[in-house]
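Participant: missing the sequence, but the structure's below:
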């Protein structure tokens, strides 16, 4: 059986974080499920859900800093986020259910490092950095490099996620998000696609695409972005983008869908975003 | 370990095991068995209670985590012998069949209506998306939530 410790201040966390078998607990919406299924068996739980220094949302110059222990519901209700990072709210509204969003945290969703992590899509698109602290000091890593593989991040022993630093885009982006699953609530995406697009007439001025559940980690589709930037959106370009998208992902077969189906879906979602960007 | 928290307005002090869930404390220690265990992994919402006014699934919360918090369970809704308007609405609109999911649905509805007394259908669906019912087909539940909102507006 594990021991439990409520962390009030960050120094207490640093003191215990390297204890053998220690795990950080926050909302518990992933961790408690894994503990009960026997997938993990921590001996010490360090609960940061009431650690004030790791909670909250603040604007600093052109960036928003969101504490790791801030809940998804708090982010959805925040005015500053609504104004600066609307796509973050659009995506987080689709995460879990009301009960889950009231407990789940941004930091938790990131360190869980699921290939389907909803929060990763807007964070990749907004080019956020992960603020990491640890017994050897602080460092900052782009979200794109932070997520490595299913359940794996670049966190090393003695480190934890303090929060996320997100630059508010200065360009006027249209934002798009599609998540495909069997129902709207409580699903883990079969495939998802988010996009920030700025158009000049029907020409793509700038585009950022991020996809979930089609690779070992949520990914930016940089090659595809480059291939269609500066181009006039035509039927032929959409077809080309679709093919590129299908070939650029590496999904797996699992209980939710086959790899082939996921490839088809991601191709279609890319086409949908491009069509909507033109008509919008 | 010792924790101190409020349940339905009453201060409780309990010695809990560190791996016990809030759900276990509510059902086994406090004998408040209105809160149900369905899936035990946060998918079905049968164990929904409120912590500091917010709907949560008590199967994914460890008992030590609620130290200092305020819990509301289905037993805390009715002010005596009379039903709460939400309970009345569920009965009158036939939103209950086997009844297993009902406490969870009512707690989610309570969290919604105490923060938003005039919700749109979309807001009702979002508030209830974490609750599963295998009998009713949901239509009557949604109807009951609309009616409960009306009853609560009239009370104000």
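Facilitator: Yep, it's here. Note that the structure is predicted; figures quoted are calculated from it, not measured.

Participant: quick one: residues contacting residue B:59.
Facilitator: A:32, B:21-23, B:37, B:39-42, B:47 (Cβ atoms under 8 Å, 6 or more residues apart in numbering or on different chains). From N, CA and C alone the C-beta is placed, and that goes for glycine too.

Participant: quick check: the nearest residue to residue A:218 once chain neighbours are set aside vs residue B:49, distance?
Facilitator: Nearest in space to residue A:218, with sequence neighbours left out and distances taken as Cβ to Cβ, 6 or more residues apart in numbering or on different chains, is residue A:120 at 3.8 Å. Distance, residue A:120 to residue B:49, by Cβ to Cβ, to the nearest Å: 30 Å.

Participant: before we move on, what about residue A:248?
Facilitator: Distance from residue A:248 to residue B:49, by Cβ to Cβ: 45 Å.

Participant: more neighbours: which of the two?
Facilitator: Neighbours were counted for residue A:248 and for residue B:49 using other Cβ atoms under 10 Å in any protein chain shown; residue B:49 has more, 29 against 21.

Participant: mind checking the SS state of that one?
Facilitator: Assigned with DSSP: H, G, I helix; E, B strand; the rest coil, residue B:49 falls in the strand class.

Participant: you'd agree it is up against residue B:30?
Facilitator: No: counting by Cβ atoms under 8 Å, residue B:49 sits too far from residue B:30 to count as a contact (11.2 Å).

Participant: after the helix or strand where residue A:244 lies, next one along is what?
Facilitator: Applying DSSP states H and E as the criterion places residue A:244 in helix A:235-248. For helix A:235-248, the succeeding helix or strand toward the C-terminus, using DSSP H and E, is helix A:259-279.

Participant: what about that next one, average pLDDT?
Facilitator: Throughout helix A:259-279, pLDDT has a mean value of 96.

Participant: what sits up against it?
Facilitator: If you take Cβ under 8 Å, 6+ apart as the criterion, helix A:259-279 is touched by A:174, A:176, A:178, A:180, A:190-193, A:195, A:197, A:199, A:202, A:204, A:207, A:209, A:211, A:213-214, A:221, A:224, A:228, A:233, A:237-239, A:241-243, A:245-246, A:249, A:251-253, A:257.

Participant: of all the residues in it, which ones are buried?
Facilitator: The neighbour-count check on helix A:259-279 (16 or more other Cβ atoms under 10 Å in any protein chain shown) flags A:262-263, A:265-274, A:277-278 as buried.

Participant: kindly report the same for stretch B:24-35.
Facilitator: Those would be B:24-27, B:30, B:32, B:34-35, for stretch B:24-35 by 16+ other Cβ under 10 Å.

Participant: need the residues you listed in TSV with distance to chain A, secondary structure and pLDDT, can you?
Facilitator: Shown next, in TSV, are the buried residues of stretch B:24-35 (distance: Cβ to the nearest Cβ, whole Å; DSSP: H, G, I helix; E, B strand; the rest coil; pLDDT from 0 to 100):
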residue	distance to chain A	secondary structure	pLDDT
B:24	12	helix	97
B:25	14	helix	98
B:26	15	helix	98
B:27	16	helix	98
B:30	20	coil	97
B:32	18	coil	98
B:34	17	coil	98
B:35	13	coil	98
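
Participant: residues touching the residue nearest to residue A:59 when sequence neighbours are not counted, list them.
Facilitator: Leaving aside its sequence neighbours, residue A:59 sits nearest to residue A:80 (Cβ to Cβ, 6+ apart; 5.4 Å). Applying Cβ under 8 Å, 6+ apart, we find residue A:80 in contact with A:57, A:59, A:64.

Participant: top of these by neighbour count?
Facilitator: residue A:64 (25 neighbours).

Participant: measure that one to residue A:147 for me?
Facilitator: 20 Å.

Participant: cool, and residue B:91?
Facilitator: On the measure of Cβ to Cβ, residue B:91 and residue A:147 end up 49 Å apart.

Participant: between the two, which one's more packed in?
Facilitator: residue A:147 (27 against 13).

Participant: beta-bridge partners for that one, please?
Facilitator: residue A:153 (DSSP bridges).

Participant: residue contacts, the residue of the stretch 1-150 of chain A found nearest chain B?
Facilitator: Here the stretch 1-150 of chain A gets closest to chain B at one residue, residue A:97, 2.6 Å apart by Cβ to the nearest Cβ. Counting by Cβ under 8 Å, 6+ apart, residue A:97 makes contact with A:185-186, B:45, B:129-131.

Participant: and which of those is nearest residue A:161?
Facilitator: Closest approach between these and residue A:161, by Cβ to Cβ: residue A:186, at 24.6 Å.
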